[in-house]
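Peer 1: Next comes the sequence, and after it the predicted model I'd like to discuss.
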Amino acid sequence: MENTAKGRLVSLDALRGFVMFWIMSGEHIIHALAKAAPIPVFIWMSSQLHHTDWNGITFYDMIFPVFLFVAGVSMPFSFEKKMSIAGVNTPIELPSKEKRKIYLSMLKRTCILLILGFVVNGLLRFDGYDQTRFASVLGRIGLAWFFAGIIYLNFDIKGQVLWFVSILVCYYLVMKWIPVPGFGAGVLTPEGAFSSYIDQQFLPGRLHSKVYDPEGLFSTIPAIATALLGTFLGSFLKSSANVFSANKKILLLIASAAVLIGIGMLWNYDFPINKRLWTSSFVCFVGGFSILFFTFFYLIIDVWGFHKWAFPLLLIGSNSILIYMASEGLVNFKHTAEFVFGGAIKMFPLIWQPVFTTSSVTLVQLILLYFLYKRKWFLKI
């Protein structure tokens, strides 16, 4: 039995928790394992939990876009109640007065995410305007989600697809054809890319990588397409709830993922898959894998009903923004883990102690999340 009929996708919370797990502490467990037991599988997993230097793709490069994709999937479900109250079937039919309320709510959410992104980047250290980084992961999520929401509320599915295609094609044309002073057109290097030039000229404060910012201004535009791709999947699940069988939906999802991955791989020859530039090929390639990741969780949890195993992921997914901010430096989980479990950890061989230390960090984080979950304390934005 599918849980989509209840308007709730447990698999979506689990997938959100899955990608956030690697950021909050999972990556450190794998890196420690690769050092303690350098067998091929651990070494490969460790290599996948680093960003690529420039062109190319690893699993770690997919985490951010998958999270943004999930935010897009949630959108059609989050607006469902408002459409039901207004007595309409599609968001485009919502009365103007109701849309204005939604716009203000979306703008508020985006502004909060921008501010929280500033905080994660160290705004409250008061290091000075020139040393403050204003671009952020949370800021990009807020901006991309906001503009994807504007498109979702004002265009039917054909219009949304047209926006999706136009964003990717126009971004490609600009990056390939508009010359950058001192470099020329189509130079997709950290220094010579058009998006880097825009960051250097218009992004205030400090750039993450001196000559560009991976969450910069211009490269946020194709991130809107990533969020839109999520809304397509969310809309499909809502509209097909009583049309297709679960098995047929799974096959359609896998087929759409294969098409997107194929487009991304072909486009890669002319417009390389690059997370830092958020290239159009990157959007397609990772978009396909985002659908596959979702399909895996959707099949096991929402279709087959096996969900107890995913409870730790649900704890993470239900407070994903909070645990992200805490893990990015607001809370010293390692200090707490060593204080509580340090004595027991020292009983293990020295080479294995980092593995148990990093695992204890995850345990501390999960205990905190469980405490918040039981009391229904969630950071909702």
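Peer 2: Looks like it arrived, so ask away.
Peer 1: what about the helices in the stretch 151-300 of the chain?
Peer 2: 157-177, 194-202, 221-239, 246-267, 280-297 (DSSP state H, counting those that start in this stretch).
Peer 1: Including distance to residue 127, could the ones you listed go into TSV?
Peer 2: All C-beta atoms are positioned from the backbone trio N, CA, C, and that covers glycine. Shown next, in TSV, are the helices of the stretch 151-300 of the chain (distance: least, Cβ to Cβ, whole Å):
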stretch	distance to residue 127
helix 157-177	32
helix 194-202	19
helix 221-239	27
helix 246-267	39
helix 280-297	32
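Peer 1: Number of residues surrounding residue 339?
Peer 2: 11 (other Cβ atoms under 10 Å).
Peer 1: If you could redo that for residue 39, that was the one I meant.
Peer 2: When neighbours are counted by other Cβ under 10 Å, residue 39 registers 9.
Peer 1: Can you report phi and psi for it?
Peer 2: Residue 39 has phi and psi values of phi -90, psi 160 when expressed as degrees, to the nearest 10.
Peer 1: Any buried residues in stretch 44-62, and which?
Peer 2: 45, 46, 48, 49, 55, 57, 59, 60, 61, 62 (16 or more other Cβ atoms under 10 Å).
Peer 1: and what of stretch 343-350?
Peer 2: Here stretch 343-350 shows residue 345 as buried, counting by 16+ other Cβ under 10 Å.
Peer 1: contacting residues around the nearest residue in space to residue 316 that is not next to it in sequence?
Peer 2: Excluding its sequence neighbours, the residue lying closest to residue 316 (Cβ to Cβ, 6 or more residues apart in numbering) is residue 17, at 3.5 Å. Neighbouring residues of residue 17 by Cβ atoms under 8 Å, 6 or more residues apart in numbering: 310, 312, 313, 314, 315, 316, 317, 318, 320.
Peer 1: can you list those in JSON lines and add distance to residue 292 and neighbour count?
Peer 2: Formatted as JSON lines, the contacts of residue 17 follow (distance: Cβ to Cβ, whole Å; neighbours: other Cβ atoms under 10 Å):
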{"residue": "310", "distance to residue 292": "17", "neighbour count": "20"}
{"residue": "312", "distance to residue 292": "22", "neighbour count": "17"}
{"residue": "313", "distance to residue 292": "17", "neighbour count": "23"}
{"residue": "314", "distance to residue 292": "20", "neighbour count": "19"}
{"residue": "315", "distance to residue 292": "24", "neighbour count": "24"}
{"residue": "316", "distance to residue 292": "20", "neighbour count": "27"}
{"residue": "317", "distance to residue 292": "18", "neighbour count": "24"}
{"residue": "318", "distance to residue 292": "23", "neighbour count": "20"}
{"residue": "320", "distance to residue 292": "20", "neighbour count": "24"}
